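Trainee: Generate a structure from the sequence data that follows.
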Amino acid sequence: MKAFVFPGQGAQFIGMGKDLYDNSAEAKNMFEKANDILGFRITDLMFGGTEEDLRQTKVTQPAIFLHSVILATVIGDDFKPDMVAGHSLGEFSALVANKALTFEDGLVLVSKRAGAMQKACESEPSTMAAIIGIEDEKVVSICQEIQEVVVPANYNSPGQLVISGSIKGVEIACEKIKAAGAKRALPLKVGGAFHSPLMEPARLELAEAINNTTFNKPLCPVYQNVNAKAVSSADEIKKNLISQLTSPVLWTQIMQNMIKDGADTFIEVGPGTVLQNLVKKINRDIAAYSATP
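Mentor: Numbering: from 1, shown residues only. This is a model prediction of the structure:
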């Protein structure tokens, strides 16, 4: 069974999507429609902007979404998923590719999500850190002991967990986690504390937009970030999508559940190779590769 997976923030690179734009009339039309919807030429920033341009959350999120969704469209008959999932932002890409959302509605929601998250980051400085080489349970336990806001944010693979919270909370957690035996505790260059309680203002703003958007029954189950379970109900998809901003991304659990449910091939749709690399850390016997037009 084939599982198509869609990357999140951090997979961006200058020039992303230009080959699609140049070689497919359908892709070019979708990119130009996106420029109109967003009110600025995101294609200029994707194809020839600076790293700094592309790192802005309001640019990064729509850019990765567009690359992923347009690639899924261009590969056409090769996009035949038995199941889909997306890492954080990638969940929106998965839902559009899987026909639960229209392209236009998906892009509008991603743009609103990015704007809301940017505002939340600016109103309260916060950060994230990658923890490597220690049991997930130990990291969770240490975070719970700290009086500052600091929580597990991304369960990426066994022994690779991202924490998120206030700057002080993350600093204290990193010191304690290193003292407990972690191989590394690396501060990340991100705008703020994604997937933590500090994103509550963004969650409330996005909830209104999601509740006012029509969602359809997807072509196949989507394994959602907040519960790692296969979901096919449009109402449940909406509820879980709203919870996503303040809940951890259960990516390890998603991949384990997909494999348990029969996935033997993972195809990453979008920029980079992060997700297929994570698949290999969980099960080296599972095929994983990038979608190509």
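
Trainee: got the contact list for whichever strand or helix holds Leu204?
Mentor: Following DSSP states H and E, one finds Leu204 within helix 200-211. Here helix 200-211 makes contact (Cβ atoms under 8 Å, 6 or more residues apart in numbering) with 108-109, 112-113, 116-117, 119-120, 123, 238, 241-243, 245-246. Yep, even glycine has a C-beta here, placed from its N, CA and C like the rest.

Trainee: Could you pull out the buried residues of the helix or strand bottoming out on mean pLDDT in the chain?
Mentor: Every helix and strand of the chain was ranked by mean pLDDT, DSSP states H and E. The lowest is helix 51-55, at a mean of 89. Buried residues in helix 51-55, counting neighbours by 16 or more other Cβ atoms under 10 Å, are found at Asp53, Leu54, Arg55.

Trainee: Also stretch 18-32?
Mentor: Buried residues in stretch 18-32, counting neighbours by 16+ other Cβ under 10 Å, are found at Leu20, Tyr21, Ser24, Ala27, Met30, Phe31.

Trainee: okay, how far is it across it, tip to tip?
Mentor: Terminal residues of stretch 18-32 are spaced 12 Å apart (Cα to Cα, to the nearest Å).

Trainee: do stretch 213-222 as well
Mentor: Start and end residues of stretch 213-222 are separated by 18 Å (Cα to Cα).

Trainee: oh, and call the first residue 852 from now on, that's how I've got it
Mentor: That works, and once the first residue is 852, the last one we named lands at stretch 1064-1073.

Trainee: tell me the mean pLDDT over that stretch?
Mentor: Stretch 1064-1073 comes out with an average pLDDT of 97.

Trainee: Check the offset of that stretch from the chain's centre.
Mentor: Centre-to-centre, stretch 1064-1073 and its host chain are 18 Å apart (Cα atoms, centre = their mean, to the nearest Å).

Trainee: Also stretch 892-905?
Mentor: Distance, stretch centre to chain centre, for stretch 892-905: 20 Å (Cα atoms, centre = their mean).

Trainee: element containing Leu1129, please.
Mentor: Secondary structure from DSSP H and E places Leu1129 in helix 1125-1133.

Trainee: ditto for Ala854
Mentor: Using DSSP H and E, Ala854 sits in strand 853-857.

Trainee: Gln969 now?
Mentor: Counting by DSSP H and E, Gln969 is found in helix 954-974.

Trainee: hang on, Lys853 packs against Ile1118?
Mentor: Yes - in this structure Lys853 lies within contact range of Ile1118 using Cβ atoms under 8 Å: 6.3 Å.

Trainee: and the two? which has more neighbours close in?
Mentor: Neighbours were counted for Lys853 and for Ile1118 using other Cβ atoms under 10 Å; Ile1118 has more, 23 against 18.

Trainee: Helix, strand or coil: sort out the more buried one for me.
Mentor: Three-state call for Ile1118 (DSSP: H, G, I helix; E, B strand; the rest coil): strand.

Trainee: How about the contacts made by it?
Mentor: By Cβ under 8 Å, 6+ apart, the contact set of Ile1118 is Lys853, Ala854, Phe855, Val856, Ala1139, Tyr1140, Ser1141, Ala1142.

Trainee: please redo it, this time with the cut-off set to 7 Å
Mentor: Listed by Cβ atoms under 7 Å, 6 or more residues apart in numbering, the contact partners of Ile1118 are Lys853, Phe855, Tyr1140, Ala1142.

Trainee: Next: Lys1019.
Mentor: Neighbours of Lys1019 in contact, by Cβ under 7 Å, 6+ apart: Glu999.

Trainee: Would you state the helices of the stretch 852-1001 of the chain in chain order?
Mentor: In the stretch 852-1001 of the chain, the helices defined using DSSP state H, counting those that start in this stretch lie at 869-874, 876-889, 893-899, 902-906, 908-925, 941-948, 954-974, 987-996.

Trainee: Out of the ones you listed, indicate the one that is most buried.
Mentor: Across these, the average number of neighbours (mean count of other Cβ atoms under 10 Å) peaks for helix 941-948, which reaches a mean of 28.

Trainee: which strands and helices sit next to that helix?
Mentor: Counting contacts by 3 or more Cβ pairs under 7 Å, 6 or more residues apart in numbering; DSSP states H and E, helix 941-948 is packed against strand 853-857, helix 908-925, strand 934-937, helix 954-974.

Trainee: at 8 Å instead, please
Mentor: Counting contacts by 3 or more Cβ pairs under 8 Å, 6 or more residues apart in numbering; DSSP states H and E, helix 941-948 packs against strand 853-857, helix 908-925, strand 934-937, helix 954-974, strand 1073-1074, helix 1085-1094.
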